[in-house]
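# predicted model and sequence follow; I will ask about them next.
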Amino acid sequence: MSKKIKVLVWNEFIHEQKLDVVKEIYPQGMHQTIADGLASLDETGELEIATATLQEPEHGLTESRLAETDVLFWWGHCAHGDVQDEIVDRVQQRVLEGMGLVVLHSGHFSKVFKRLLGTSCALKWREAGERERLWVTNPGHPIAQGLGPCIELENTEMYGEPFGIPEPEEQVFISWFEGGEVFRSGCCWRRGSGKIFYFRPGHETYPIYHNKDVQQVLFNACKWAYNPCSWKGVSEAPNVSIENTLEKIQAKSGGIHEEGQEGFR
């Protein structure tokens, strides 16, 4: 059997413990519902799925665990500031090395997402339980496979433009809301060797992650974000000695950097 894709679904897991309406929709937490949705579509057993939450030691994102993770899902909302900067550094490093990252809903304002995109990631919002229609703008994209022309969600929280993100490298969905706003709801980027996908739906008081089309998007995104050739040395800048060059060269004098000089990269 080929190597399994190791998936880790991360959730701050606060709303489900504090709000009865959220606990009723997600009794085991959104992370478990997302994990179960991925598993239900994994007919060939390609995925090895685990979960982690903010409350665990090192937020469940230890160096060893992240080193083994191929795709990380991230849901956060009210506790972005509680995520330790050291953990953000680790996640950023793993994405640069090739780990896929799928950022969900209010994770747009997480430290991890803002760090990797380098912008404010700010947006307009309104919570009124309004209808949303996510139009597939790129039907040939792997993340859109198995979907119709759009996804209909009866009750959602509105996110509106302008959305403070870098121009997406690929756009998969654009949302229309009952109040008239539109929003870039499915965006792709690459950072280093890693792929990043942002998917907007997922407000905690609505059963978004029970929706079959949403589950299909997350499954597709997981497969798309997986990089079987991640490179753990991508962020290093090693010196290559003339003894280790592929072709023989004649070293010449007059180099401006002395041997042993600190700080040169």
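Structure received.
# low-confidence regions, this structure specifically.
1, 230-238, 253-265 (pLDDT under 70).
# could you pull out the strands for the protein?
With DSSP state E, the ranges of strands along the chain come out as 5-11, 47-53, 71-75, 100-104, 124-136, 150-160, 170-177, 182-191, 194-199.
# need those strands in JSON lines (columns: distance to Gln215 and mean neighbour count).
For glycine as for every other residue, the C-beta is placed from the backbone atoms N, C-alpha and C. Compiled in JSON lines, those are given as follows (distance: least, C-beta to C-beta, whole Å; neighbours: other C-beta atoms under 10 Å):
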{"stretch": "strand 5-11", "distance to Gln215": "12", "mean neighbour count": "25"}
{"stretch": "strand 47-53", "distance to Gln215": "13", "mean neighbour count": "19"}
{"stretch": "strand 71-75", "distance to Gln215": "12", "mean neighbour count": "26"}
{"stretch": "strand 100-104", "distance to Gln215": "12", "mean neighbour count": "27"}
{"stretch": "strand 124-136", "distance to Gln215": "14", "mean neighbour count": "16"}
{"stretch": "strand 150-160", "distance to Gln215": "11", "mean neighbour count": "19"}
{"stretch": "strand 170-177", "distance to Gln215": "15", "mean neighbour count": "21"}
{"stretch": "strand 182-191", "distance to Gln215": "15", "mean neighbour count": "20"}
{"stretch": "strand 194-199", "distance to Gln215": "11", "mean neighbour count": "24"}
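# which of those sits closest to Tyr206?
Across the strands of the chain, the minimum distance to Tyr206, taken as C-beta to C-beta, is reached by strand 150-160, at 5.1 Å.
# which elements pack onto the closest one?
Under the contact definition 3 or more C-beta pairs under 8 Å, 6 or more residues apart in numbering; DSSP states H and E, strand 150-160 sits against strand 124-136, strand 170-177, strand 182-191, helix 212-225.
# what about 7 Å?
Counting contacts by 3 or more C-beta pairs under 7 Å, 6 or more residues apart in numbering; DSSP states H and E, the secondary-structure elements packed against strand 150-160 are strand 124-136.
# pull up the pairing partners for the strand it packs on, direction included.
strand 150-160 (antiparallel), strand 170-177 (antiparallel) (DSSP bridges).
# export the ones you listed to CSV and append columns for distance to Val88.
Formatted as CSV, these follow (distance: least, C-beta to C-beta, whole Å):
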stretch, distance to Val88
strand 150-160, 23
strand 170-177, 25
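# nearest to Val102, of those?
Ranked by C-beta to C-beta, the member of the strands paired with strand 124-136 that lies closest to Val102 is strand 170-177, at 12.1 Å.
# between the closest one and strand 194-199, how many degrees?
Orientation note: strand 170-177 sits at an angle of 10 degrees relative to strand 194-199 (axes from the mean of the first three to the mean of the last three C-alpha atoms, to 10 degrees).
# separation between the residue nearest to Gln17 when sequence neighbours are not counted and Gly202?
Distances taken as C-beta to C-beta, 6 or more residues apart in numbering place Lys23 nearest to Gln17, at 7.2 Å, with adjacent residues excluded. Taking C-beta to C-beta, to the nearest Å as the measure, Lys23 and Gly202 are separated by 16 Å.
# try Ala50
Relative to Gly202, Ala50 is positioned 19 Å away (C-beta to C-beta).
# check Pro162 too.
Between Pro162 and Gly202 the distance, using C-beta to C-beta, works out to 21 Å.
# so those two - more neighbours on which side?
The residue with more neighbours, out of Pro162 and Gly202, is Gly202; 21 against 11, by other C-beta atoms under 10 Å.
# ok, that one - contacts?
Shown in contact with Gly202 (C-beta atoms under 7 Å, 6 or more residues apart in numbering): 75, 104-105, 208-209.
# please repeat the previous calculation with a cut-off of 8 Å.
Neighbour list for Gly202: 30, 75, 104-106, 208-209, 214 [criterion: C-beta atoms under 8 Å, 6 or more residues apart in numbering].
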